[in-house]
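Chemist: Would you be able to build a 3D model of this:
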Amino acid sequence: MSVVVSHGRATMKSGAASADNRCMPVPPTGEPPPRKPLRALFVEDCEADAAILLRELRRGGYDVSFLRVQTADALRGALNTSSWDVVLSDYSMPSFSAPAALAIVRDIKPDLPFMIVSGTIGEETAVSALKAGACDFLVKGRLARFLPALERELREVELRAERARAQATLEDQLRQAQKMEAIGQLAGGIAHDFNNLLTAILGYGELLTEQIGPDKPMGRDLREITAAAERAASLTRQLLAFSRKQVLTMSAVDVNAIVRNLEAMLRRLIGERVKIKTILDDRLPPVMADATQIEQVIMNLCVNARDAMPAGGTVTIRTQFATEDPTRCKSGSAGVVSLAVTDTGTGIPPELTSKIFEPFFTTKERGHGTGLGLAAVHGIVAQFGGSIAVDSTLGEGTTFQIWLPASEATVSASVRQMDDAKPVGGETILLVEDEPGVRSFVRLALQRFGYQVVEAESAEVALDILPKLDRRIDLLLSDVVLQGMGGRELAAQVKELSPTSRVLFMSGYSEKVANPDGFLDPDVSVLEKPFTSRALLVKIRKVLDESLTPAR
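Modeler: Numbers count the residues shown, from 1 in each chain. The predicted structure is shown next:
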C-alpha cells in the first residue's frame with residue numbers, strides 16, 4: 001500500500017479511499033519484523049522510485065510510516081499537520097523541484113533532515129544543493145550509502161535534540177538562580193532594615209518592662225509586644241538564612257550532640273501524637289558549621305514533618321558517616337556526614353518537589369505557614385557547603401536528607417554560660433550607629449550599667465571625634481552597614497589610632513562583615529540584630545574580658 005498525492009490531494013492505493021494526509025504504516029511483506037519506527041516524507045512523483053526507497057528502509061530494520069507528495073501545497077500541508085523524521089526528495093519533478101522543497105522545509109521545520117535521492121546530475125548541482133542546506137545527495141540506482149547516511153542524519157538530529165534539552169535545562173537553572181538571587185537581595189535588604197526596627201522595639205520593651213515590673217497590667221502588655229517582635233525577628237532570621245546573608249560563627253560541631261540536646265524540646269514542639277525516633281551513628285565526625293543554624297535546620301524539618309502527619313505518626317532522625325561523597329558537596333578527604341529526617345505523613349506530590357525550597361511557597365492554609373522554613377533550610381545547608389535532597393511517596397511519607405562535609409577538626413568544649421545577672425562595667429565605648437532608635441536604646445542600656453558612651457551617627461563623625469577625646473576608647477561598638485564609610489573600614493582606622501581598642505560589630509546582615517564564603521573571620525566579633533539589652537551587655541563584657549586574657 002502506498003499513498004500518492006496529486007495536485008495537493010492525498011489518496012490511498014489498494015482501494016481504500018481517504019481525504020486526509022495521515023501517515024499510513026507499511027504492511028508486513030514477509031521480511032523480518034521491523035524494529036525502528038521511522039516517519040518518512042517523500043517528495044517524489046514516481047511511485048516505483050518511492051517503493052525502492054521503502055524496500056531499502058525495511059531492509060535496514062525500519063518500521064516506516066510515510067506520505068508521498070509532489071506539490072508545494074501538499075508538502076506544506078504535510079509539514080504543518082504531522083511530525084516527520086526525514087524528508088526524501090527527488091531533484092526534479094514536472095511541477096516541483098528539490099531546491100523549492102528544501103526552501104519550504106527549512107522555513108517550516110529548520111532542523112528536519114532533508115536528503116536528495118535523484119538520477120545522475122552534475123557535481124555542481126549537488127554542491128549547490130548541499131550549500132543550500134540539504135543533508136546529503138544520493139544517486140538513484142546506487143544506494144549503498146543510503147542507510148548509513150540516513151542513520152548518520154538521525155543520530156545528528158538526536159544529538160541536536162539532546163543539546164537543546166541540555167541548553168534548556170541550563171537556561172531554566174540560570175533563570176531560577178537569577179530569580180533566587182534577586183529575591184535573596186530583596187530579602188536581605190528588608191531583613192536588615194527590619195532588624196534595626198526590631199532591635200529598638202525589643203530593647204525599649206525590655207527596659208520598660210524592668211521599670212514597670214512584669215506583674216503589672218502594663219508589663220503584661222509589654223510582654224505581648226516583645227513576643228510579637230520576637231516572632232518578627234524569627235521571620236527575618238529565616239529570610240536571611242534563605243538568602244545566605246545571616247551572621248555565622250563557624251566551629252567544629254558534633255551533629256549527634258545537637259540532636260540529643262534538642263530531643264526533649266522537639267518532643268514538646270511536635271506534640272504527643274507524633275513519636276520521635278533517633279538513629280545516631282557513633283562513628284560520626286564533626287562538621288564545620290554554626291551550631292545554632294544546625295539546630296534551626298533540624299527544628300524546621302521536624303516541624304514540617306509534624307505538619308505532614310495531622311493524625312500522628314513517627315519522625316525519625318538519622319545520622320550516618322560516609323567515606324565517599326554521594327553528592328556534590330565539598331567533602332574533601334574527610335568524607336561526609338548525613339543527616340536525614342523522615343516522617344510517615346501524607347507525602348509530597350511529584351509536581352511540587354521542585355518548588356518546595358522556593359521562598360514563600362507553601363501548601364499550608366493561609367495563616368498556617370510562611371513558606372520560608374524549607375527555603376531557610378536550603379540556604380543554611382548551601383552556605384555550609386552541603387547539599388539537600390527530598391524523597392517522597394504519596395501516602396507513605398517523606399525523607400529530607402542533608403549531606404555536610406566532614407571535618408578533621410576537634411569539637412571545642414562548651415562555652416560556659418553567664419548567669420542571669422547583667423554584667424556591668426565602667427569602660428569607655430565608642431558607639432557608631434546611623435539608626436537613631438537603635439543608637440538611643442544602646443546608649444541608654446550601656447549607661448544604665450555603668451559604661452561611658454561616646455556616640456556618633458556615622459564613621460566620619462566618629463573619626464572626627466576620636467582624636468579630640470581625653471580618654472582611651474576601650475571598645476568600638478559599630479553597625480556594619482553605615483551611610484558612607486562602612487563599619488569594617490572604620491574599625492581598621494580606629495585600630496590605627498587606638499591599637500588597644502577592642503571591636504564589636506552589630507549586624508543582622510553578614511554580607512559586609514563576613515568573608516566571601518559567608519563565614520566570620522576568627523578575629524571578628526559580631527552581635528546579631530535584633531538583640532536585647534542583656535545580650536548586648538553579655539557580649540560586650542565577653543569581648544572586653546578577652547582583651548584581659550593573656551595570650552598563650
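Chemist: just the strands in the stretch 51-200 of the chain please.
Modeler: Along the stretch 51-200 of the chain, counting by DSSP state E, counting those that start in this stretch, strands occupy 62-69, 86-89, 92-93, 96-97, 114-118, 136-139.
Chemist: so which of those comes closest to Thr319?
Modeler: With C-beta to C-beta as the criterion, Thr319 lies closest to strand 62-69 of these, at 53.8 Å. In this view, the C-beta of every residue, glycine as well, is placed from N, C-alpha and C.
Chemist: didn't Thr500 look like it was pressed against Leu475?
Modeler: No. With contact defined as C-beta atoms under 8 Å, Thr500 does not reach Leu475; the gap is 10.4 Å.
Chemist: Give me the more crowded residue out of those two.
Modeler: Ranked by neighbour count (other C-beta atoms under 10 Å), Thr500 and Leu475 place Leu475 first, with 22 against 9.
Chemist: can you pull up the bridge partners for the more buried one?
Modeler: Ile429, Arg502 (DSSP bridges).
Chemist: show me what contacts it?
Modeler: By C-beta atoms under 8 Å, 6 or more residues apart in numbering, the contact set of Leu475 is 427-430, 501-504, 540, 543-544.
Chemist: returning to what we had before: let me know which of the strands of the stretch 51-200 of the chain is the nearest to Leu339.
Modeler: Closest among the strands of the stretch 51-200 of the chain, using C-beta to C-beta: strand 62-69, at 51.5 Å.
Chemist: any idea how far Asp85 is from Leu57?
Modeler: Here Asp85 is placed at a distance of 11 Å from Leu57 (C-beta to C-beta, to the nearest Å).
Chemist: so what sits against both of these two?
Modeler: With C-beta under 8 Å, 6+ apart as the test, Asp85 and Leu57 both reach 38, 40.
Chemist: before we move on, the earlier item: of the contacts of Leu475, just the buried ones, ChimeraX syntax please.
Modeler: Provided next is the ChimeraX selection string for whichever of the contacts of Leu475 are buried by 16 or more other C-beta atoms under 10 Å:
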select :427,428,429,430,501,502,503,504,540,543,544
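Chemist: Rebuild the contacts of Leu475 as TSV, extending it with pLDDT and distance to Leu143.
Modeler: Formatted as TSV, the entries for the contacts of Leu475 read as follows, by pLDDT from 0 to 100; distance: C-beta to C-beta, whole Å:
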residue	pLDDT	distance to Leu143
Glu427	92	96
Thr428	93	97
Ile429	95	92
Leu430	95	90
Ser501	91	90
Arg502	91	88
Val503	92	83
Leu504	92	84
Ile540	92	89
Val543	90	86
Leu544	89	92
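Chemist: Touching, Phe531 and Leu202? I think so.
Modeler: Yes. Using C-beta under 8 Å as the test, Phe531 is close enough to Leu202 to be in contact (7.3 Å).
Chemist: Tell me the spacing between the spatially most central residue of the chain and Leu170.
Modeler: Geometric centre of the chain, nearest residue: Ala177, 6.5 Å, by C-alpha atoms, centre = their mean. As defined by C-beta to C-beta, Ala177 lies at a distance of 10 Å from Leu170.
Chemist: do Ala144 as well
Modeler: 41 Å.
Chemist: picking up where we left off before, which of Asp85 and Leu57 has more neighbours?
Modeler: Taking other C-beta under 10 Å, Asp85 and Leu57 do not tie; Leu57 has more neighbours (23 against 19).
Chemist: Who are the contact partners of the more buried one?
Modeler: 38, 40, 64, 147, 150 are the contacts of Leu57 under C-beta under 8 Å, 6+ apart.
Chemist: Please apply the same query to Ala200.
Modeler: With C-beta under 8 Å, 6+ apart, Ala200 has these contacts: 435, 437-438, 440-441.
Chemist: Can you classify the closest residue to it other than its chain neighbours by secondary structure?
Modeler: Once flanking residues are discounted, Ala200 sits nearest to Gly437: 3.6 Å by C-beta to C-beta, 6 or more residues apart in numbering. Here Gly437 is recorded as helix under DSSP: H, G, I helix; E, B strand; the rest coil.
Chemist: separation between Gly437 and Gly487?
Modeler: 18 Å.
Chemist: re the thing from before, which of the strands of the stretch 51-200 of the chain has the lowest average pLDDT?
Modeler: Mean pLDDT values for the strands of the stretch 51-200 of the chain show the minimum at strand 136-139, a mean of 78.
Chemist: Just checking the distance from that strand to the centre of its chain.
Modeler: Put simply, strand 136-139 sits 50 Å off its chain's centre (C-alpha atoms, centre = their mean, to the nearest Å).
Chemist: got a list of contacts for it?
Modeler: Under C-beta under 8 Å, 6+ apart, the answer for strand 136-139 is 115-120, 126, 129-130, 145-146, 149, 153.
Chemist: Equivalent analysis for stretch 103-120, please.
Modeler: 49, 53, 72, 75-76, 79-80, 84-92, 98, 101-102, 126, 129, 132-141, 143, 146, 149-150, 153-154, 156-157, 160.
Chemist: That one: which residues count as buried?
Modeler: 104-105, 109, 112-118.
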